[in-house]
Every structure is written in structure tokens, then in C-alpha cells.
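Q: no letters, just coordinates:
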């Protein structure tokens, strides 16, 4: 008489989902015939209950998302000084705000263009919000040139008023952003173009862009727009409502404060 391996196979399947390493160690204690029988039982069970695979994948995705969020929070904590208080960043809104939003953007990113209105609405509607902009030129040479001009604008306008005007003109304009378009936007914003051209070649501009890339790499970012809201990383143009919910979660632990 052969022992019934079906209950054991079901237990191993559950073990494999929850604790893969432990399940592998347990399986190695069976004979070849027993392993083949367990594999057949598991296969038949999955074919008869394919919805279980969907449940397994859903649980796996949930665990992966949780692990990724924890990894992001650890990176944010490790690099908090450069993220939130770097002398090379542009700070808008309330410099003493209780919640900080950091946006990594590219002047040639179409989603960043759409997300600009989200930033402006957040700053206008939330007087306790600190908003940080970091140039992250990932879309080619024109983007790099525009970011160099932007960094030079920040050097000339630490307060950020003219920078915001420049930012809106360039990001909201038509066509590809590059050195020529960026300098034209800066001139329209009332900045000293001759000084900008000189500052663009400085070590400070180079260090500004390098810092953004190092931070993005540490956070696992590879596209724009990407945000850090409080301790959380948010990837993509998620929209105004989602950003407000993230800000509220950072402020009071709930989507609505």
C-alpha cells in the first residue's frame, strides 16, 4: 500500500509560496519517486484550480511592493541631507514646511510638462509644503544643456522667484528644450545671460547635475517625473490627487488630514 502524498503536497505548495527556501530543503528529503508524485499532484491541483496562480502572483507582487517601499525609505533616510537640504537644490513653497516634496524632472519630459501644474497647485493650496526641484536630464543632450542653464539660473537666483519664472517658460514651452531655448527663457525671465553662459561651465553646475544622478541612482530612479514625498518614493506623473494623498500621509498618516 502506497502512502497518500496529497496532503503533504498541498502543504509543500503552501510552504513554497510562503517560505521558498524552507520548501526546497523539505523537498530534498524525499526520494525521487516521492518527488515525482508530489510534482504530479501539485501540477494536477494547479490545473484544476488555476485561480490559485493568480492569488499567488498577487501575493508575490504585494510582497515585492512592500520590500521595494522599505528599500526606498531606507535610501531616503540615508540620503536625507542631499535630498531635502542640499545647497544645490531649488526650494519653492515654504522653506520651513512640515512636509517636503522632491521632484526629479527633465525639461524634455512630456509628463513633467503636465505635472508642472500639479506642483503649482500644491504650492498654492498648501502653505505648509516645501517643494524641491532637482534637474535630472535623462532624455539626451538637449536635456543636459537645459539642465546646465537651469543650474546656472539657480546660482544667479538663490531665492527661486526668477528660477520659477524661467522653469515655467522652458518647461511649458513648445519644442525640444536645449541650450538656445533655455537661454532664451532665462533672458525672458530677466536673468543675466552673459553670467549664465559663464556659470554653465563652472564646477558648481557640474556638481549640481552629478548630485541629482547620484541621488536618483541611490533611490533606483530611472525616469521622470519621480518624487520623494516625505519618506516615500513615487514614480511617474501620478496626478494632483495622488500627490495630495501622499503629502497628507506624510503629514498625518491618512490620505485626508
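A: Yes, it's here. Source: prediction; values computed, not measured.

Q: secondary structure element for the closest residue to residue 136 other than its chain neighbours?
A: Nearest residue to residue 136 in three dimensions, chain neighbours excluded: residue 104, at 4.0 Å (CB to CB, 6 or more residues apart in numbering). Quick note: C-beta positions are derived from backbone N, CA and C, even for glycine. Assigned by DSSP states H and E, residue 104 falls within strand 99-105.

Q: right, and residue 209 touches residue 143 too?
A: No. Counting by CB atoms under 8 Å, residue 209 does not reach residue 143; the two are 10.3 Å apart.

Q: show the contacting residues for residue 111.
A: 224, 225, 236, 237 (CB atoms under 8 Å, 6 or more residues apart in numbering).

Q: filter those residues to the buried ones?
A: The neighbour count (16 or more other CB atoms under 10 Å) marks 224, 225, 237 as buried among those.

Q: let's see which of those end up in helices.
A: In helices, defined here by DSSP state H, there are no members of the buried ones among the contacts of residue 111.

Q: and those as JSON lines, adding distance to residue 199 and pLDDT?
A: As requested, these are arranged in JSON lines below (distance: CB to CB, whole Å; pLDDT from 0 to 100):
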{"residue": "224", "distance to residue 199": "24", "pLDDT": "95"}
{"residue": "225", "distance to residue 199": "25", "pLDDT": "96"}
{"residue": "237", "distance to residue 199": "30", "pLDDT": "94"}
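
Q: my read is residue 131 is in a strand, agree?
A: Yes. Under DSSP: H, G, I helix; E, B strand; the rest coil, residue 131 sits within a strand.

Q: for it, list each beta-bridge partner.
A: On the basis of DSSP bridges, residue 131 is bridged to residue 92, residue 101.

Q: let me see the contact set for residue 166.
A: Per CB under 8 Å, 6+ apart, neighbours of residue 166: 150, 153, 185, 186, 188, 189, 191.

Q: mind giving me the PyMOL command for buried ones among the residues you listed?
A: In PyMOL syntax, the buried subset of the contacts of residue 166 is picked out as below (16+ other CB under 10 Å):
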select buried, resi 150+153+185+186+189+191
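
Q: ok, the contacts of residue 166 vs residue 254, which is closest?
A: Nearest to residue 254 among these is residue 150, at 35.3 Å by CB to CB.

Q: tell me the mean pLDDT for the helix or strand hosting the closest one?
A: Element membership for residue 150, per DSSP H and E: helix 141-156. Here helix 141-156 scores 97 as its mean pLDDT.

Q: go on, stretch 92-104?
A: Rounded mean pLDDT across stretch 92-104 is 95.

Q: pull up the distance across that stretch, start to finish.
A: 14 Å (CA to CA, to the nearest Å).

Q: circling back to that earlier point, give me the more crowded residue out of residue 209 and residue 143.
A: residue 143 (23 against 19; other CB atoms under 10 Å).

Q: quick one: the more buried one from residue 178, how far?
A: 8 Å (CB to CB, to the nearest Å).

Q: ditto for residue 210
A: In terms of CB to CB, residue 210 sits 20 Å off from residue 178.

Q: so the two - more neighbours on which side?
A: For residue 210 versus residue 178, neighbours defined as other CB under 10 Å are more numerous around residue 178 (19 against 12).

Q: can you tell me how far that one sits from residue 142?
A: Taking CB to CB, one finds residue 178 at 4 Å from residue 142.

Q: number of nearby residues for residue 175?
A: For residue 175, using other CB under 10 Å, the count is 8.

Q: er, residue 233 actually
A: Counted with other CB under 10 Å, residues neighbouring residue 233 total 20.
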